[in-house]
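**Q** With the sequence up front, the predicted model follows.
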Amino acid sequence: MLTTEEQAEINEELAHYPTKQAVCIDAMLIVQRHRGWVSDESIRDLADLLGMSTADLDGVATFYNLIRRKPVGRHVTLICDSVSCWIMGCERVRDHLCTRLGTTLGGSTADGRFTLLPVVCLGACDRAPAIMIDDDLHTNVDDHRIDQILGAYE
Amino acid sequence: MKERPLTRNFRPDHEAVRLTAYEAADGYQGLRKALTMQPQEVTEMVKRSNLRGRGGAGFPTAMKWSFVPMGTDAPRPKYLVCNADEMEPGTFKDRALMELDPHQLIEGMVISAYAIQAGIGYIFLRGEYHCSAQRLKVALSEAIQQGYLGRNILGSQYSFELRLHVSAGRYICGEETALLNALEGKRAHPRTKPPFPQVSGLWGKPTIVQNVETLCNIPHIVNRGPEWFRGLSRSEDGGTKLYGVSGKVNRPGLWELPLGTTMREILEEHAGGMRDGLQFRGLLPGGASTDFLVEEHLDTPMDYAQVQKAGSRLGTGTMVVLDDKTCPVGMVWNLEHFFAQESCGWCTPCWSGLAWTEKILLAMEQGTAVPQDLETLRFQTKFLAPGSTFCAFAPGAVEPLQSALKYFDGDFRRHIAEQRCPWR
């Protein structure tokens, strides 16, 4: 079931587009903002609301990088692996984060605190390597900086 | 000092320029002027400015607008979409424009929308740009409050509604017809052209899609005139350009310079040259989907025609520099990994060919490649060339590969002969 709050936010979007389907990506991102991910149940609820089949909506959900169809930890950590960050050492950043958090790329920590995911170019190439935790961009990161940054996310 | 219209308002503390400061710096004067002109006169002005699209393809902006049906019989609503889906690896210019001077983009959009008589606009913003989203939202509500957006703008008969749409990611959304499918809530596959979006775009209505930097130029063209705009440039194409440099240079960054500034000048004077102990080996002039250029090309002016003459594309104008301590094969592997992952899966040459290409490059890096692999890579660059695929994605993807095979042939051969990456 969608919450009243989710429903209200989706309605706000619906007012600005000529078709219901047009807001399906916004709607999934709204649900994800509240729950961290988009479950099968949410796909069914949203498909009903927007007049789409669940297969069509899941087809859209699985096309886009930022829609998560599996549960994630409290803090989603995105590691940029595109060319400028690669030149500036993103493989080392990735290895350090994996070791430090005791998980792998695509995995979550046992305590549910962090999920590690790769991401394409964050558009911070002049300050590479870059990572993003939740909505926060962190640039020019190295092992020491990463250790400091992680402490701020409980 | 040369004029820098696009970045003149940027604050040293990296906060956004708010409405009052923007207005104090002649902000929304271009819009006021445009509203006293006929829509076609605005398009004519942009035409005389020689403005070309800053998203990568370099299509003349006014020519694109001229295909939109005008007059009372034209289908409605017409749409103006800002392509703010900056996902070309190595590119970080539109982010700066949106974060630091969001009203400049909004004003550019209202004027452009007026020129084509669009009633509705969307800013299609990539999902990771949270700061841009927040600052655009603030600026949009300021603009609505002051009557620069909405019904009867500044007391005129013209109305324009502008919405921010935050995308859920995928590089292909930067392709304009794929972007339209994304806005309609579909998988972002490119569409068949024709019909072109100018005639039949969003929900079948006339639609113009323009890059952020392109739109940001519009207020200045209208306010200061096309002759002034052409005078900013060192080339035939009008205006300045946001140029960027990333990689192992002394001062990576972003600068607004006359269009046609040479690569050497950008690299040496602005980016401070290579870091100590490193030699320059090559660069991608305008993002991941442009051909490598090397030392002999450094005196090339960074404009559309000259970079093309040198064998590459201006692209987004943000260069990625390769140094001699970084493996060129590894760099190309990284690029093709990106393209293989981001292929939308619509046409077989693209999804299959790029995955194959990536696998071979990875084998080279891991020391398991065979001599025949070089031939296969060369075959892929032809198999994925323009005309063989549904859209421009795969041809762009093999641009860095085909040029790397040309300029760094010895490095590929060493990987095969030594059965390892010599840089690891």
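**A** Structure's in. What do you need? Numbers count the residues shown, from 1 in each chain, chains lettered A, B, ... in the order given.

**Q** so A:M28 touches A:L46, yeah?
**A** Yes: counting by CB atoms under 8 Å, A:L46 is a contact partner of A:M28 at 6.5 Å. For glycine as for every other residue, the C-beta is placed from the backbone atoms N, C-alpha and C.

**Q** Quick check: which ranges of the stretch 101-250 of chain B have low pLDDT?
**A** For the stretch 101-250 of chain B, no stretch has pLDDT under 70.

**Q** Of A:M28 and A:L46, give the one with the bigger neighbour count.
**A** Set side by side, A:M28 and A:L46 show more neighbours around A:M28, with 26 against 23, by other CB atoms under 10 Å in any protein chain shown.

**Q** In chain B, where's the longest strand?
**A** Ordering each strand of chain B by length in residues (DSSP state E) puts strand B:240-247 first.

**Q** by contact count, what packs against that strand?
**A** Applying 3 or more CB pairs under 8 Å, 6 or more residues apart in numbering or on different chains; DSSP states H and E, one finds that strand B:240-247 makes contact with helix A:83-87, helix B:93-100, strand B:253-258, strand B:318-323.

**Q** Reformat the ones you listed as TSV; add distance to B:S352, mean pLDDT and mean neighbour count.
**A** Below are these laid out as TSV (distance: least, CB to CB, whole Å; pLDDT from 0 to 100; neighbours: other CB atoms under 10 Å in any protein chain shown):
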stretch	distance to B:S352	mean pLDDT	mean neighbour count
helix A:83-87	23	98	29
helix B:93-100	32	98	24
strand B:253-258	37	98	20
strand B:318-323	27	98	26
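
**Q** And these: which comes nearest B:A188?
**A** Relative to B:A188, the nearest member of the helices and strands packed on strand B:240-247 by CB to CB is helix B:93-100, separated by 18.4 Å.

**Q** orientation of the next helix-or-strand element following the closest one relative to helix B:93-100 in degrees?
**A** Later in the chain than helix B:93-100, the nearest helix or strand by DSSP states H and E is helix B:102-116. Orientation check (axes from the mean of the first three to the mean of the last three CA atoms, to 10 degrees): helix B:102-116 against helix B:93-100 gives 110 degrees.

**Q** in helix B:102-116, what counts as buried?
**A** Within helix B:102-116, the residues that count as buried by 16 or more other CB atoms under 10 Å in any protein chain shown are B:102-116.

**Q** out of the residues you listed, which touch chain A?
**A** Among the buried residues of helix B:102-116, not one lies near chain A by CB under 8 Å from any CB of the partner chain.

**Q** from these, which single one is nearest B:L140?
**A** Closest approach to B:L140 among the buried residues of helix B:102-116 (CB to CB): B:I106, at 6.7 Å.

**Q** I'd like the distance between that closest one and A:I79.
**A** Look at B:I106 and A:I79: by CB to CB, to the nearest Å, they are 33 Å apart.

**Q** So which residues of the chain form strands?
**A** No chain in the question, so chain A it is. Counting by DSSP E, the strands of chain A are A:75-80, A:114-119, A:131-133, A:136-138.

**Q** wrong one, chain B
**A** Taking DSSP E, the strands of chain B run over residues B:79-84, B:120-125, B:161-166, B:207-211, B:240-247, B:253-258, B:280-284, B:318-323.

**Q** List the contacts of B:D303.
**A** Contacts for B:D303 (CB atoms under 8 Å, 6 or more residues apart in numbering or on different chains) come out as B:S233, B:R234, B:S235, B:E236, B:D237, B:L259, B:G260, B:L314.

**Q** Confirm for me that the fourth one is in contact with B:Q306.
**A** No: in this structure B:E236 lies outside contact range of B:Q306 using CB under 8 Å: 9.9 Å.

**Q** Could you chop chain A up by domain?
**A** Domain ranges of chain A: A:4-61, A:75-150, per automatic domain parsing.

**Q** and the ones you listed, which is most packed in?
**A** Looking across the domains of chain A with neighbours counted as mean count of other CB atoms under 10 Å in any protein chain shown, the highest average goes to domain A:75-150: a mean of 19.

**Q** Next, work out how far apart the closest residue to B:S132 other than its chain neighbours and chain A are.
**A** Leaving aside its chain neighbours, B:S132 sits nearest to B:M98 (4.0 Å; criterion: CB to CB, 6 or more residues apart in numbering or on different chains). Counting by CB to the nearest CB, to the nearest Å, the gap from B:M98 to chain A is 10 Å.

**Q** Show the contacting residues for B:M98.
**A** Going by CB under 8 Å, 6+ apart, the list of residues near B:M98 reads B:A84, B:L105, B:L125, B:Y129, B:S132, B:R135, B:L136, B:V212.

**Q** ok, of those residues, which come out buried?
**A** Applying 16+ other CB under 10 Å to these flags B:A84, B:L105, B:L125, B:Y129, B:S132, B:R135, B:L136, B:V212 as buried.

**Q** and which of the residues you listed is nearest to B:E365?
**A** For these, the residue nearest B:E365 by CB to CB is B:Y129; the value is 31.4 Å.

**Q** How about B:I123: which residues does it bridge to?
**A** Note on B:I123: beta-bridge partners by DSSP bridges are B:C82, B:L164.

**Q** Could you work out the end-to-end span of stretch A:13-30 for me?
**A** End-to-end distance for stretch A:13-30: 10 Å, by CA to CA, to the nearest Å.

**Q** same thing with stretch A:77-94?
**A** In stretch A:77-94, first residue to last residue: 10 Å (CA to CA).

**Q** quick one, helices of the stretch 251-400 of chain B?
**A** B:263-264, B:304-309, B:328-342, B:348-366, B:372-383, B:393-397, B:399-407 (DSSP state H, counting those that start in this stretch).

**Q** Up against chain B, what does chain A have?
**A** Checking chain A against chain B by CB under 8 Å from any CB, the hits are A:16, A:18-19, A:21-26, A:28-29, A:50, A:59-60, A:63-67, A:78, A:81-84, A:86-88, A:119-128, A:132, A:135, A:137.
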